[in-house]
Each structure stands twice: as C-alpha cells, then as structure tokens.
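Q: turn this into a structure:
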Amino acid sequence: YDGGKFVDPENILRIQESQTKDQVRQLIGNPHYSEGFFGVREWNYVFNLYTGNGNEYITCQYQVHYDDEMALESTRWRDAQCPALLVPIDVEEIAAEPREEKLTLSGDVLFDFDSDQLSLEGRRALERVSDMVLDAYSSPSVLVVGYTDRFGEDQYNLNLSQARAEAVGSYLVTHGVTRRDLTLLGRGEADPIVDCPGQVATLSVKECLRPNRRVEVIVTNS
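A: Numbering: from 1, shown residues only. Presented below is the predicted three-dimensional model:
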C-alpha cells in the first residue's frame, strides 16, 4: 500500500468487539488492501497518526479480525508505538528513594462513555502499565484511583469512579500484578486537575474537564 491514510484517532478508539463490518467501515473506512468479497475475516489498514510534535506522524499497520458470524473479534497493531499514541501514559516521579511513581491515563479512552467497561485500546494501555510496573519494581505495591469530572450526582460519580478503579485493578491482575498488592479507590470528582467555568455540560466544558476524568496508578516498592 502506497503510504498511509490519515484517520481520526477518536474513530479508532470507538472500535469494539462484536461490531459488524458496516459499523467498522463507518468508523475507519474500507480496508486498504484488496481482501476479497465474501467471507473475509481479516481487514488490513495503514494509518498515519500524528505524534503530537508539529506535523510529524508515523505510519501504522492495523488489522481487524472477524469471527464466523462476521462480528469483530479482535484487533492488532504491528508496532507498539502506535497504540501508545492513542492512549498515552503520563509518568510522574513522586519520590526517588524509595521509588514511587504515578502513572495517569485518560478515563475517556480507557472506558466507553459513562461505563466501567474497558475499551480495546484501554486494555492495551493497561498491558503496558503492567509491563512497566513488573519491569521496574521488584515488589510493587499498587494504588489505583479513579476520578470523574464534576457533572452528575456525587454518589453516582463516586460509584462510577470506584467501579472503574476495580475494572483497572482486575485487568492488571490478569497480567501479572498480584491482587494482594492492589488497593482500589474511587474518588469521584475530588482532586480536580483543571477548573473550567460553566455550569452546563456543553461539549466545550466537557472537553476542558477531560484531564479530571482519569485513572491514576501509583506504584511503590512494598
């Protein structure tokens, strides 16, 4: 395929299991290779994704697999740096000795809207988190904290943030983090990173509040 196609990253993030071929086509278009016409279970794409550094971009190969019913079964990136662009992990060193780090991920891309169900790319991001934790810490103690923005009832936001923390913790356990070393906490709208004006949840206000909708993973050596 000659070059890649620029695609809205938000559309890739909306790819989910069980979607039909038509639904996938509406999000990311037709496959970029001639795949045949009937019973094709594998679609291949070549996307250009901006790195965030000016007009710099990288070209990424993306593959979609369908099951016998032609529903989306799984997806795959050829290069690990490509999904890392979609769901970046912000790493902050809290202390050098004893070592302590905070890894922050956007709740908007880890989860479907108003849900505690992890997205495809969200699960990939948590696999990177588990690799980072297990590679860097000999005996990690992990605190997972979920947050929402200020819109919605306090108790609802608290429950949603707790459910999201538990979903993240459960997935980390499936990738090697020991359950007894995990603490899972929902904080609702507490500890906001940004303060945005506006009392109505318009698109611009919700976008401004995006940094508050997050999951933090704080890691220390126990």
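
Q: need the longest helix for this structure.
A: Assignment by DSSP state H gives helix 154-174 as the longest helix of the chain.

Q: quick one: list the elements packing against the helix or strand that comes right after that one.
A: Downstream of helix 154-174, the next assigned helix or strand under DSSP states H and E is strand 182-186. Applying 3 or more C-beta pairs under 8 Å, 6 or more residues apart in numbering; DSSP states H and E, one finds that strand 182-186 contacts strand 140-146, helix 154-174. In this view, the C-beta of every residue, glycine as well, is placed from N, C-alpha and C.

Q: how far does the first one sit from the chain's center?
A: Yep, that's strand 140-146 we're talking about. 17 Å (C-alpha atoms, centre = their mean, to the nearest Å).

Q: note down every partner strand of it and its orientation.
A: strand 182-186 (parallel), strand 214-221 (antiparallel) (DSSP bridges).

Q: mind checking which of the helices and strands packed on strand 182-186 is nearest residue 58?
A: helix 154-174 (26.5 Å; C-beta to C-beta).

Q: dump the strands paired with strand 140-146 to CSV, plus mean neighbour count, mean pLDDT and distance to residue 25.
A: Formatted as CSV, the strands paired with strand 140-146 follow (neighbours: other C-beta atoms under 10 Å; pLDDT from 0 to 100; distance: least, C-beta to C-beta, whole Å):
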stretch, mean neighbour count, mean pLDDT, distance to residue 25
strand 182-186, 18, 98, 37
strand 214-221, 21, 96, 31
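
Q: please name whichever of the ones you listed is nearest to residue 131.
A: strand 214-221 (12.3 Å).

Q: what does that closest one rub up against?
A: Contact partners of strand 214-221, identified using C-beta atoms under 8 Å, 6 or more residues apart in numbering, comprise 94, 98-107, 110, 129, 133, 136-147, 164-165, 168, 172, 193.

Q: relative to strand 182-186, how tilted is the longest helix of the chain?
A: Angle, helix 154-174 to strand 182-186, by axes from the mean of the first three to the mean of the last three C-alpha atoms, to 10 degrees: 160 degrees.

Q: the residue nearest the centre of the chain: what secondary structure?
A: Nearest to the mean C-alpha position of the chain, by C-alpha atoms, centre = their mean, lies residue 122 at 2.7 Å. Under DSSP: H, G, I helix; E, B strand; the rest coil, the three-state class of residue 122 is helix.

Q: what residues does the nearest residue to it once chain neighbours are set aside make contact with?
A: Distances taken as C-beta to C-beta, 6 or more residues apart in numbering put residue 110 closest to residue 122, at 3.8 Å, once the chain neighbours are dropped. Counting by C-beta under 8 Å, 6+ apart, residue 110 touches 87, 118, 119, 122, 125, 126, 164, 168, 215.

Q: correct me, but the fourth one touches residue 107?
A: No. Residue 122 lies out of contact with residue 107 (C-beta atoms under 8 Å); the separation is 9.1 Å.

Q: can I get the CA coordinates of stretch 74-85 in PDB?
A: C-alpha atoms of stretch 74-85 as PDB (Å, rounded to 0.1, in the frame of the first residue of the first chain):
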ATOM      1  CA  SER A  74     -10.100  -8.700  17.800                       C
ATOM      2  CA  THR A  75      -7.700  -6.100  16.500                       C
ATOM      3  CA  ARG A  76      -3.900  -5.900  16.300                       C
ATOM      4  CA  TRP A  77      -1.300  -3.200  15.800                       C
ATOM      5  CA  ARG A  78       2.000  -4.200  14.200                       C
ATOM      6  CA  ASP A  79       4.100  -1.700  16.200                       C
ATOM      7  CA  ALA A  80       3.700  -1.000  19.900                       C
ATOM      8  CA  GLN A  81       4.300   2.700  19.400                       C
ATOM      9  CA  CYS A  82       1.100   3.100  17.500                       C
ATOM     10  CA  PRO A  83      -1.400   2.300  20.300                       C
ATOM     11  CA  ALA A  84       0.800   4.200  22.700                       C
ATOM     12  CA  LEU A  85       0.000   7.400  20.600                       C
END
